[in-house]
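>>> What shape does this take:
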Amino acid sequence: MRMKRAIVPIGILFLACGIAVAVTRLLLNRESSQSVLGKPISEPITKGTKTVSYKGVSFTFDLSLAPDVKSEMIPASNEGKPSDIWPEHLSFTLRGSRRSRAQAENDPQIRVFSVAKFRNAFSVAGTEYAKSVVYPKDQWDWAKDFDEEVRVLHALLVKKPKSNELKTFLANARASEAQKFDDFPQMPFLPMWEASQAFFTRPHDTSQITNDGLDYAFQGITDDGQYYIYAEFSVTALFLPNDNDPEVAAWNEKNYLLPQKSKTYQDYLHPIVAKLQALPADQFKPNLKLLEQLISSIEVQPN
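Numbers count the residues shown, from 1 in each chain. Below you'll find the predicted structure:
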């Protein structure tokens, strides 16, 4: 099937900020014809391009993003936390591209999963984990968590909420009553994160927003519902500082215990969020249009 015709292209920016001993990511919805609204990119890729085709998955990318792509099959991971669980799947790494601190050195930027195999991996891993705990066994039915992410992603596809509607939509779309009344309902995301989404949830500590933690993330599902597509790329914005800037270290030392929900931190955060959402695509590095064009060119045609 042609992935670019009928998927949920949820393109989002998030910030991966070092919070205590965890990683917290700040989700920013960029509402545009190229992302949440789900319209294919019509502008041609004007620079030199290369097309990758591997085991039924193909896409075209601008050579300014990377000179080459490594295509491979990633073995299944069946042990550990939910963030460590996935089935065998196809992956693509843009060699030589800048990587954020949220990504391990060998993490691919694009992954294509079978939804059925992914769910089964969660079910098996959750069942095995439940054998070692004394809590109620249904608490460790990780397949339910997987189903929740896929269901909410489908709901976003259908509704296509605007930016100012997103928080309310997510709160209503989440299944549990606890999540419905959460002040910061979460965007769907697979593979699952080990840390919470800072823009929608409440980490205990905070750090300054820098280019070292700014990523572009994509979540999509094929029109037949059989394949889940994940992509994550490191990007920078011209107006943001870097981790090694002296003023960043001074700010973090002063404010690292500042609650994320506090007025002080929100007064700091909101102008940056607004500026990132309004920033033209070509003011990011790489140009977000090139990433969106890559995503829109992906086709999944299983062998």
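>>> so where do the strands sit in the stretch 151-300 of the chain?
Assigned by DSSP state E, counting those that start in this stretch, the strands in the stretch 151-300 of the chain fall at 214-221, 227-234, 236-237, 284-285, 299-300.
>>> Which stretch among these approaches S114 most closely?
strand 227-234 (6.3 Å; CB to CB). From N, CA and C alone the C-beta is placed, and that goes for glycine too.
>>> How many residues are close by E88?
13 (other CB atoms under 10 Å).
>>> Please give me every residue in contact with the nearest residue to it once chain neighbours are set aside.
Leaving aside its sequence neighbours, E88 sits nearest to A76 (CB to CB, 6 or more residues apart in numbering; 4.6 Å). Taking CB atoms under 8 Å, 6 or more residues apart in numbering, we find A76 in contact with 86-88, 121.
>>> just the buried members of those?
86-87, 121 (16 or more other CB atoms under 10 Å).
>>> Let's have these in JSON lines, adding secondary structure and pLDDT.
Below are the buried ones among the contacts of A76 laid out as JSON lines (DSSP: H, G, I helix; E, B strand; the rest coil; pLDDT from 0 to 100):
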{"residue": "W86", "secondary structure": "strand", "pLDDT": "94"}
{"residue": "P87", "secondary structure": "coil", "pLDDT": "95"}
{"residue": "A121", "secondary structure": "helix", "pLDDT": "93"}
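>>> Okay, the closest residue to I295 other than its chain neighbours and M187: tell me how far apart.
Excluding the flanking residues, the one nearest I295 by CB to CB, 6+ apart is F218, at 5.3 Å. For F218, the distance to M187 (CB to CB, to the nearest Å) stands at 12 Å.
>>> again, but for I85
Applying CB to CB to I85 and M187 gives a distance of 19 Å.
>>> what's around G80, how many residues?
11.
>>> got the contact list for it?
Counting by CB under 8 Å, 6+ apart, G80 touches A125.
>>> Could you report the neighbour count for S114?
Residues contacting S114 under the criterion other CB under 10 Å number 17.
>>> wouldn't it be in contact with D224 here?
No. Using CB atoms under 8 Å, S114 is not in contact with D224, being 11.6 Å away.
>>> In contact with K131: list those residues for me.
K131 makes no contacts at all, as judged by CB under 8 Å, 6+ apart.
>>> Check it and give its pLDDT.
Looking at K131, its pLDDT stands at 76.
>>> cool, and the one 4 residues further on?
Y135 carries a pLDDT score of 62 in this model.
>>> Which of the helices and strands in this structure ranks last by mean pLDDT?
Between all helices and strands in the chain, the lowest mean by mean pLDDT, DSSP states H and E belongs to strand 22-29, at a mean of 32.
>>> what angle sits between the lengthiest helix in the chain and strand 227-234?
Counting by DSSP state H, the longest helix found in the chain is helix 142-159. With axes from the mean of the first three to the mean of the last three CA atoms, to 10 degrees applied, the angle from helix 142-159 to strand 227-234 works out at 80 degrees.
>>> Of all the residues in helix 142-159, which ones are buried?
142-144, 146-150, 152-153, 155-157.
>>> could you redo those as a markdown table and give each row distance to L166 and pLDDT?
Below are these laid out as a markdown table (distance: CB to CB, whole Å; pLDDT from 0 to 100):
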| residue | distance to L166 | pLDDT |
| --- | --- | --- |
| W142 | 26 | 84 |
| A143 | 26 | 88 |
| K144 | 23 | 87 |
| F146 | 22 | 90 |
| D147 | 21 | 91 |
| E148 | 17 | 89 |
| E149 | 16 | 90 |
| V150 | 18 | 91 |
| V152 | 12 | 89 |
| L153 | 13 | 89 |
| A155 | 12 | 88 |
| L156 | 9 | 87 |
| L157 | 14 | 84 |
